[in-house]
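Colleague: need coordinates for the below:
(chains A and B)
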Amino acid sequence: MKRTIAFKTLGCRLNQYETEALASQFSRNEYDVVEFEKPADVYVVNACTVTNQSDQKTRTFVNHASKLKHKPMVVVMGCMSPEQQKIFSDNSAITYLIDNEKKSGVFQLIDAHFKGELVEKEQLTADRFNYELTDPLFHTRSFIKIQDGCDNFCTYCIIPMVRGMAVSRPVDEIMDNIRQAVSNGYKEIVITGVNISRYYYEDVHFEDLIEQILNMPEDFRLRISSMEPDELNDKFISLMSHPKFCPHLHLCIQSGSDRILIKMNRMYTMPTYLKLVEKIKQANPLFNLTTDIMVGFPGENGADFEETAKVAREVGFSHIHTFKYSKRTGTRADRMPEQVPEPVKSQRSEVIRKIAEENRIAYFHKLLGMEQTILVEKIKNGRAQGYGEYYVPVKFAASNNVKENDLIKVKLTGIEECEDAFMIGEVIGF
Amino acid sequence: MDLKEQTVTKVDFKVQEVRLLTPSTYVLRFNRNNLSFKAGQYIRVGIPGNRQRREYSIYSGENDDFMEILVKEVIEGDISKKLKRMKEGDSLIVEGPFGFFNLNPTDVPTRKFYFFASGTGISPFHSYVKSYPAMNYTLIHGIKFIEETYEKEHYEDKRYISCTSRDEKGDFSGRVTKIIPIYPFEDDALFYLCGNSDMVYDVYNLLADRGVSTDNIFTEVYF
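Modeller: Next up, the predicted model:
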C-alpha cells in the first residue's frame, strides 16, 4: 500500500527548495505527497524561526498534526530556536525532531521506519547539500543549492544561530547537480543558498563559480536568486552579458538610510549599493532589479524612511518584498531601544507597496516591444504563463502545441494592470 | 583551519579573573581553550544553564594564552551583571569567533591606521595593538569621563587620544566627531570605527566629507 506524506513549509525560499527536494524524493519512491490539510500517514513541518511570529506559526502546524486522532507520524525539521526545540522535545506526539544538518536524510529515516528497520536519527549523515533534484511537479526551474549558513550577523537576524556559519558546496558537486538537472529536462537553473555571494570553496569565489557554470556546454539559462550586495565585483558584473545569464537580480537593500544600515550591521552603505546599481545599469539599462525592504527597524525615524522610499523610487525596483521589522528574541535588535510602533510600520509598509506597484508598471512599459523567451509554467484556458529572461510574468495565447516547460519566444505587446500585474505576449517562435 | 568553518559552541571555558576598571566596567579573563581567532572578531558569551548569549569583541591579542573581553555592566541587563559576579574557576559558554572587522596583515607594516572607539568599542583595537605591537596607529577614544580610558597604559601616550564629553580632563574636550575637522589625517590612512551606531554613522560621514575614500573606512557597531 502506498504511504501518504504531507509537508508544511514555513519561511524562506531555501526552506521551500529543501521541502520540494524531499517531497520529490518521496514521490519517486512510491509515496503519495498530499496537501497538509488532507489525511496522511506522515506530516512533516519544515520549521522557520526568523521571527517570534514564525515560531508561533510553526507551533500551530505542529500542534495541528500532533493532535490528529489517527496518530500519524509527525516530523519537525529545520530552523528552530533552543526554546522551540525544548517545547518540541517535550511533545510525545512528535516522532522525530531533525536539525538542518541532517534534514537531507529525512527520507532515509521515515522510509526505514515504515519498513521496520532501525535507523536512529543520530545515524544520519550531516550534509546540508545532499538533496535530490526537485520534480518538475513543483517548478519548471531547477534550484541548485550552492551554499548554506551565514556569518554576517545582521543585528535583526537569527539565521547564523540556526543555519550555522557559511559553508560552501564543492564545485564538482554543483556541476554534477546541474548536468543531472539539464539531462532531466530542466531548461532554467536557479542558484540558491542563504548568502550565495559569500560562496567560497578551495579558492573559488562566487563569481568564479558562476563563470564556470556559464561556460558549461549544456543548454540552459542561469538565474541567480536573492543575494546580498556586499561581495559583488566587476568580474561578476562582466558575466551578466553572458547569453546564459538571466538579467535579473534580487539584491537585498533592507533600508535606504545609512544610519539604519549601520544599526542593522549590513555590510554595505548606500553609496556602495548605488554604485553597484549604476554599474549594473551601465552594463544593461533594462536589467531587472528587485529587492527586500524592512520597515520599522528600531530607531528608524521619518527621515530614515523617506530615504528608503526615495531610493526605492530612484532605483526603480520592479518588485519589492516589503516586510515589517519583527522582533526576534536572541538578536541584538531585539534589545535595541526606540522600537517603532506597529501602526507606523504598517503605514510605511503601505507606502513602499504603492511605490513597488508604480515601479512595476513603469518597468513593464520599458520592456514593451522586446522579445523574450518564456519558460512556460502553466497553461490554463488556452493561455500560457511563465517568466522570460528578465523575470517578468508574461501570459500569451497558447496553441495546442505549447506545453509546460517549453521555451517559447514572444514579443511583449501589452500590460495587464491588476493586483498581480503581468505582461502580455504574442508568440513569434519556438 | 579556515575561520569560516569554526561554527562551534564551546564549553570548558573557565574564568581566571574579573578585573574591575571602573565601578561598572571590567575585563573578564578566561582560558584560551584552543580558540583560534583574528583580532577584531567577536564571540558570544553565556553562562551554563542560561540560554541568553551576549556578543563581545575579543579584547586580548591573537597570541595571548588567555581570552579577555571588556564588559560594561548594563543596569537593566542580565548577562553582564552575572559575568561581573563570576569567580575564578566558574564555567562559561563561548560561541564563535564571528565577524569580519579584521586588519589585513599585509597592511600592518605599511599603512597608518586610525581607530575611532566609543566606550567599550575600544576592545577590538586593544586586540589589534596586542596582536601587532609594531603597527602605526592613532587611537581616538570617545568617553564621557576621564575614568573610562580603560587601561590606556597599553598604548603609547602619543598614540592614544581621549575625547571626554562630560568633563574637560581628556586630551580633547568634546565628542570624537569634533576632532575630525581639525586633525591632520594622512590621505592614504585606514580608518576603523567601533562603538555605538550614532558615533559610527557620524564619524563615517565626517570622514567621507573630508574626502576619505569609503573603501578605507571599516565599521563595527555595538548597539
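Colleague: and the residue of the stretch 1-150 of chain A found nearest chain B, what is it in contact with?
Modeller: Nearest residue of the stretch 1-150 of chain A to chain B: A:Pro82, at 5.5 Å (C-beta to the nearest C-beta). Every residue, glycine included, has its C-beta placed from N, CA and C. Applying C-beta atoms under 8 Å, 6 or more residues apart in numbering or on different chains to A:Pro82 gives the contacts B:Arg51.
Colleague: apply 10 Å and report the result again.
Modeller: By C-beta atoms under 10 Å, 6 or more residues apart in numbering or on different chains, the residues touching A:Pro82 are A:Thr49, A:Met161, A:Val162, A:Gly330, B:Arg51.
Colleague: compute the number of surrounding residues for the third one.
Modeller: Spelled out, it's A:Val162. Neighbours of A:Val162 under the rule other C-beta atoms under 10 Å in any protein chain shown: 22.
Colleague: backbone dihedrals for it, please?
Modeller: With angles defined as degrees, to the nearest 10, A:Val162 sits at phi -110, psi -30.
Colleague: that one and B:Gly40: what is the separation?
Modeller: 25 Å (C-beta to C-beta, to the nearest Å).
Colleague: what's the answer for the last one, then?
Modeller: Using C-beta to C-beta, one obtains 27 Å as the distance from B:Arg51 to B:Gly40.
Colleague: these two - which one has more neighbours?
Modeller: B:Gly40 (24 against 13).
Colleague: wait, that one sits on B:Phe100?
Modeller: Yes - using C-beta atoms under 10 Å, B:Gly40 is in contact with B:Phe100, at 7.9 Å.
Colleague: helices or strands next to the one helix or strand B:Leu21 maps to in the packing?
Modeller: If you go by DSSP states H and E, B:Leu21 is part of strand B:9-22. Packing partners of strand B:9-22 (3 or more C-beta pairs under 10 Å, 6 or more residues apart in numbering or on different chains; DSSP states H and E): strand B:25-31, strand B:42-46, strand B:66-72, helix B:79-84, strand B:91-98.
Colleague: contacting residues for residue 15?
Modeller: I'll assume chain A. Contacts for A:Asn15 (C-beta under 10 Å, 6+ apart) come out as A:Thr9, A:Asn46, A:Ala47, A:Cys48, A:Val50, A:Met77, A:Gly78, A:Cys79, A:Asn100, A:Lys103, A:Arg163.
Colleague: that's the other chain; I wanted chain B
Modeller: Contact partners of B:Val15, counting by C-beta under 10 Å, 6+ apart, are B:Leu28, B:Arg29, B:Phe30, B:Asn31, B:Leu83, B:Met86, B:Lys87, B:Glu88, B:Gly89, B:Asp90, B:Ser91, B:Leu92.
Colleague: can you select the buried ones from those in PyMOL?
Modeller: Listed next is the PyMOL selection for buried residues among the contacts of B:Val15, using 16 or more other C-beta atoms under 10 Å in any protein chain shown:
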select buried, chain B and resi 28+29+30+83+86+90+92
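Colleague: nearest to A:Asp176, of the contacts of B:Val15?
Modeller: Nearest to A:Asp176 out of the contacts of B:Val15 is B:Leu92 (C-beta to C-beta; 43.6 Å).
Colleague: right, and that closest one touches B:Arg54 too?
Modeller: No - using C-beta under 10 Å, B:Leu92 is not in contact with B:Arg54; the gap is 11.3 Å.
Colleague: nice, that's everything, thank you.
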